[in-house]
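Asker: starting from these lines, generate the structure:
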Amino acid sequence: MREDDDAVLLLVRLDYSADLAMDTDLRISFHNLPHSDAVEQDIRDRVAKLEGMFDRMVGCRVVVEAPSRNAAGAAAFAVKIEIAVPGQDIVVKPEPAPDMRAAVAHSFDAARRRLRAHAERRRGT
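Answerer: Just a heads-up that it's a prediction; the model follows:
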């Protein structure tokens, strides 16, 4: 992997107790902005909650992008989430938000809905 001044990539392996039997690879990238420990921890916590909903997750990639300008000229953060599950990948990229924490929350809300729908389809409900 080449070094890139405007991107930080963190590779994290989430290992939980044998009771939960979860083992998901998590990749968190910050593009065009510095790494934030607080945002990283928020993302880790949210991925753990997703794993609690659907224990067959095998990977998750989260990309947090620095502000871009929307049509009105206001800065907006974008958070893209890719969740690897058996048989397919779930990709979530909702509309950008003016605040980084709001962008993370909106993206994970959408990811939760998509993952829940995927789990229901697998169960046939």
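
Asker: and residue 91, how many neighbours does it have?
Answerer: As a burial measure, residue 91 scores 12 neighbours (other CB atoms under 10 Å). No exception for glycine: its C-beta is placed from N, CA and C like everyone else's.

Asker: repeat that for residue 74.
Answerer: Neighbours of residue 74 (other CB under 10 Å): 11.

Asker: contact partners for it?
Answerer: residue 98 (CB atoms under 8 Å, 6 or more residues apart in numbering).

Asker: any idea how far it is from residue 65?
Answerer: According to CB to CB, to the nearest Å, residue 74 and residue 65 sit 15 Å apart.

Asker: mind giving me the packing neighbours of the helix or strand containing residue 61?
Answerer: Per DSSP states H and E, residue 61 falls inside strand 59-69. Other helices and strands packing on strand 59-69, by 3 or more CB pairs under 8 Å, 6 or more residues apart in numbering; DSSP states H and E, are strand 23-31, helix 37-53, strand 75-85, helix 100-123.

Asker: winner for burial among those?
Answerer: strand 75-85 (a mean of 20; mean count of other CB atoms under 10 Å).

Asker: could you tell me how far it lies from the centre of the chain?
Answerer: Relative to the centre of its chain, strand 75-85 is centred 6 Å away, using CA atoms, centre = their mean, to the nearest Å.

Asker: avg pLDDT for that strand?
Answerer: For strand 75-85, mean pLDDT rounds to 92.

Asker: got the CA positions of that strand in PDB?
Answerer: Below are the C-alpha coordinates for strand 75-85, written out as PDB (Å, rounded to 0.1, in the frame of the first residue of the first chain):
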ATOM      1  CA  ALA A  75     -19.500  22.300   3.300                       C
ATOM      2  CA  ALA A  76     -20.700  18.700   3.600                       C
ATOM      3  CA  PHE A  77     -19.100  15.500   5.000                       C
ATOM      4  CA  ALA A  78     -19.700  12.200   3.300                       C
ATOM      5  CA  VAL A  79     -19.500   8.700   4.900                       C
ATOM      6  CA  LYS A  80     -19.600   5.600   2.800                       C
ATOM      7  CA  ILE A  81     -20.100   2.200   4.300                       C
ATOM      8  CA  GLU A  82     -19.500  -1.100   2.600                       C
ATOM      9  CA  ILE A  83     -20.600  -4.200   4.600                       C
ATOM     10  CA  ALA A  84     -19.500  -7.700   3.400                       C
ATOM     11  CA  VAL A  85     -22.000 -10.400   4.100                       C
END
